[in-house]
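# please work out how this folds:
(chains A and B)
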Amino acid sequence: MSEELKNKAKELLTNKKVDLIIGYQRAADGVLAAPCFIDSQDDAEKLIWDSYCVYNLASYLKDFPAKRKGIVVKVCDLKSITVLLQENQVKREELLIIAASCPGVIDEKRLNPLDQQAQEIVFAGKCKTCKTITPAYYDILINEPQKNDKLSEIGQDEYEPVRKLEAKSIEERFKFWESEFSRCIRCYACRQICPLCYCPKCVAEQITPGYFSKGVNLEGNLSWNITRAMHLAGRCIDCGECERACPVGIPLRDINKKIEKEIKELFKYEAGLSVEQKPLLSCFDKSDPEDFIK
Amino acid sequence: MKIGVFVCHCGTNIAATVDVEKAAKAALNLAKVKFSTTYKYMCSSPGQALIKDAIKEKGLDRIVVCACSPSLHEKTFRECLKESGINPYLLEIANIREHCSWVHRDRETATRKAIEIMKLAVTKVTHNRPLEKTHMPIEKRVLVIGGGISGIQSAIDISFAKFPVVIVEREASIGGRMARFDKTFPTLDCAACILTPKMVTVAQNKYVTLHTYAEIEEVTGHVGDFKVKIRKKARFVDTSKCTGCGACWNKCPAKVASEFDLGLCKRTAIYTPFPQAVPNIPVIDRENCLYLKSKKCGLCQKVCPFGAINYQMQDEIIEEKFGAIIVATGFTQFDHSVYGEYGYGKYRDVITGLHFERMANSSGPTGGKIIRPSDGKVARDVVFIQCVGSRDEQKGVSYCSRLCCMYTAKHALLLKEHNPDSQAYVFYIDIRAAGKNYEEFVKKVQNEYGAVYLRGRVSRIFEKGGKLIVRGADTLSGAQIEIKADLVVLAVGLIAQNDAAKLAQMLHIPYDQNNLFTEAHPKLAPVETITSGVFLTGACQSPKDIPDTVATASAASVKALGLLVQDQLEKEPLVARVDKNLCSGCQACIKACSFNAIETKEVEDRALKRKRTVAEVIEGVCSGCGNCTAVCRMSAIDLEGFSNRQIMEEIEVL
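Sure thing, here's the model as predicted:
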């Protein structure tokens, strides 16, 4: 599969179909994958495609404005590109989407990089419940028809962790998040990695007015984490990068998924399904539920 | 900065629940407050004088008035500041009446809350900026959508003031519903006799342009500067050559049911809807014309002495600019075929009130004879059923259509006059005759014309022996009634035009669950909409009879003229502004804006050394609703007078 990708990449660069290709190369540890930016056909040799290609490369698109970019994407990554297109952050004509059928990616945190001969790959949480293997649209499809049977848990309830939290009382839930967020060190890795956190100046850094405390304290941490989640409401496509990047292990996907679930139930809306879809929070519809107005 | 706080008693409205003296005293503890006082009625002349004097004597430069809702007296106090030489936007109103005294009982807690509300206003006013009203030019022309009596009256009124007005009517002639009526209640003037002079007036008026057989295609822009695309449907008749001689329609071989006469007679494929049509120029109905369908025929072209027939004509789209728009699109009839008890619309002798109007009309399809459509026999026993589709939440609409009681009474009267041997039976729920001389009219029909009024509903109608058997109940006597009727006339309700919602969306005006257009305020702004520059008249808003329709038409015209007579349009400066450095160009605001007030703009981003697309507010269009600020994740949009900073500071002091 990597071979097919390399050949395609060479072809695209030789024919000047794109100025560069954003893809994955083997990391220095020889196991994991790292993002790479290929602009010559010689470099195309570096490209790889396997279960270690964890990162959502959509975050890099904004770094190359006005260039024709080829980008290697998985299903989830493509959804974030869809939102970026919807929100006019990238231009479709500058994009060449190289969709790779996805074998599921590893849970980086549970992989011991020293143990290169690990018996079993532990898949990322998002992959366990992912229902699609091939992206909805693309310009080039790198297809590996075989389905990885390691993903035995396909079809599992994706909201199981959310339901567990919902079962708790409000006080317990608040306590839970309080204790999770109290560990936040405000490094903003969650924001930096998120392809949809592209604001020129994040509200966390604005000063007149200052929306919440910039200090590492419970008030500021709660405000930041809730703001982050709310700003992704109706937009987050669950690539899980925030949770992966979090150095202190806050279960950020749980809060994202909770909002995603509410939106699905209340508005029958799912983010990243089509570019034409109107952004949920910018639109009013007569059939919107109003039960919350008492 | 010297802030003055003025606490109003509002008689006892506030003072009974809130300790106003305590509140005024508490104000003095707030930063930058240099003066505070109370007064019985702050909005009164002495109350305003109190503020003005304090400004002068104490050198105050910002004012907080603790009183009623800003929607009531904000204007008053802004003017008061202006007269004292302070920028009127350096004022804040703390609503301690609707938000406090009216909704609380306990004096102590209410006072505490009033002080909190005052604290917010003081904090907010600290960050107010002096603002100036903006001005924009006005296109001094009015568009009237719909050429019924409503649109006609509006156009006449506007032309009196010598402003150009354009009527767009989708039918081939103006006149609308009223042109189909026979007599009008309660005076029984002939509808045509009072309508046609008005039709001719607009046709001859040099200030009025008529676009008949035309529809609105697109509306963009805003008050003072609406850009409207109008589709002039191909008539296939050259209006500059045609004289309306009628040679064409006398020869046309294609006959179809006449819409104007509700299928009671035929018309030709080239036709004018009725003899007094304005303009008296026919159109060719492209679905039924033999030439346009199959290139056979061409008779009208041969017989036209003026060479006016042009089969190659295409729809034409013209674009015009207007300062104001009057919506006069009227209504349509409720379709009674949903009622099984009335025969699902399949009995030919169960007709609607409008059919009856056409039959009673001497220039109508029966030449003024009231007969049974099925066999042409004179109708003797006629049953009228009221509230068909109206006041029926299950199958129809929940509202009362308001005029059916009256037109049914009129029909009962006309029946007697046309067929002296006849008998009218009217099934009703309630008689609603609340208009000048209306009740008297109904009484006259009952007493002098012998119409039998039965309070109750009809349970079933069926055919038997060439008659319609009408079964119902008279709930007053408790008797079951069965009438052998020749004809049944249903007083069907009035409903919104089928495409009303589409037009409303085009105009950005709200509509209700019945697709009727919604006025800005049901009592105090009945012909305005929340979209400034768009006004409503007639039955497109709610069912209205002719007097009400004409009255709202004149009212809407006055509102439109009120705009047009200004040299420039004054705009409130409380609009949104985009900080382009913070804007990511995601355009969520553009989608959230109900007023089309935000555009995109390319700017040079010096840091990134490239062009970037950002949002920009069109100040003249922005109404300051704040939708955009709520959806902007980057806080790049700020609303003057309600800035993010002000709101954050208010939250902080709470």
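
# would you double-check that residue B:570 falls in a strand?
Yes - assessed with DSSP: H, G, I helix; E, B strand; the rest coil, residue B:570 lies in a strand.

# that one and residue B:137 touch, don't they?
No - in this structure residue B:570 lies outside contact range of residue B:137 using CB atoms under 8 Å: 11.8 Å. C-beta coordinates here come from the backbone N, C-alpha and C atoms, glycine included.

# next, count neighbours for residue A:4.
Applying other CB atoms under 10 Å in any protein chain shown, we find 15 other residues in the vicinity of residue A:4.

# quick check: the spatially closest residue to it that is not a sequence neighbour vs residue A:96, distance?
Taking CB to CB, 6 or more residues apart in numbering or on different chains, and ignoring the residues beside it in sequence, residue A:4 has residue A:142 as its nearest neighbour in space, at 5.3 Å. Residue A:142 is 13 Å from residue A:96, where distance means CB to CB, to the nearest Å.

# contacts only, for the closest residue to residue A:100 other than its chain neighbours.
By the measure of CB to CB, 6+ apart, the closest residue to residue A:100 outside its immediate chain neighbours is residue A:142, 4.5 Å from it. If you count contacts by CB atoms under 8 Å, 6 or more residues apart in numbering or on different chains, residue A:142 has them with A:1, A:4, A:5, A:8, A:49, A:72, A:98, A:99, A:100, A:101.

# who wins on neighbours among the residues you listed?
The most neighbours, when the contacts of residue A:142 are compared by other CB under 10 Å, belong to residue A:100, which has 28 neighbours.

# and that one, what pLDDT?
Turning to residue A:100, the model gives it a pLDDT of 87.

# residue B:630 and residue B:592 touch, don't they?
Yes - if you go by CB under 8 Å, residue B:630 and residue B:592 touch, sitting 7.5 Å apart.

# per-domain residue ranges of the chain.
Looking at chain A here, since you left the chain open. Residue ranges of the domains in chain A are recorded as A:2-142, A:160-282, according to automatic domain parsing.

# hm, I was asking about chain B
Each domain of chain B, as a residue range, per automatic domain parsing: B:3-126, B:142-330+B:505-564, B:334-495, B:572-653.

# let's have those domains in a markdown table, adding distance to residue A:291, mean neighbour count and mean pLDDT.
Output for these, formatted as a markdown table (distance: least, CB to CB, whole Å; neighbours: other CB atoms under 10 Å in any protein chain shown; pLDDT from 0 to 100):
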| stretch | distance to residue A:291 | mean neighbour count | mean pLDDT |
| --- | --- | --- | --- |
| domain B:3-126 | 23 | 19 | 96 |
| domain B:142-330+B:505-564 | 18 | 20 | 95 |
| domain B:334-495 | 22 | 19 | 95 |
| domain B:572-653 | 20 | 18 | 91 |
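
# okay, these in a markdown table with distance to chain A next?
Written out in a markdown table, the entries for those read as follows (distance: least, CB to the nearest CB, whole Å):
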| stretch | distance to chain A |
| --- | --- |
| domain B:3-126 | 12 |
| domain B:142-330+B:505-564 | 9 |
| domain B:334-495 | 17 |
| domain B:572-653 | 4 |
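
# now distance to residue A:181 too, for these, in JSON lines please.
Formatted as JSON lines, the entries for the domains of chain B read as follows, by distance: least, CB to CB, whole Å:
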{"stretch": "domain B:3-126", "distance to residue A:181": "29"}
{"stretch": "domain B:142-330+B:505-564", "distance to residue A:181": "42"}
{"stretch": "domain B:334-495", "distance to residue A:181": "50"}
{"stretch": "domain B:572-653", "distance to residue A:181": "20"}
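
# out of these, which comes closest to residue A:109?
Proximity of the domains of chain B to residue A:109 was assessed by CB to CB; the nearest stretch is domain B:572-653, lying at 28.8 Å.

# just how off-centre is the longest helix anywhere in chain A within its chain?
Here the longest helix in chain A is taken by residue count, with DSSP state H as the criterion, and it is helix A:252-267. Taking the mean C-alpha point of helix A:252-267 and that of its whole chain, the gap between them comes to 15 Å (CA atoms, centre = their mean, to the nearest Å).

# so what secondary structure elements neighbour it?
Counting by 3 or more CB pairs under 8 Å, 6 or more residues apart in numbering or on different chains; DSSP states H and E, the packing neighbours recorded for helix A:252-267 are helix A:160-166, helix A:218-231, helix A:241-245.
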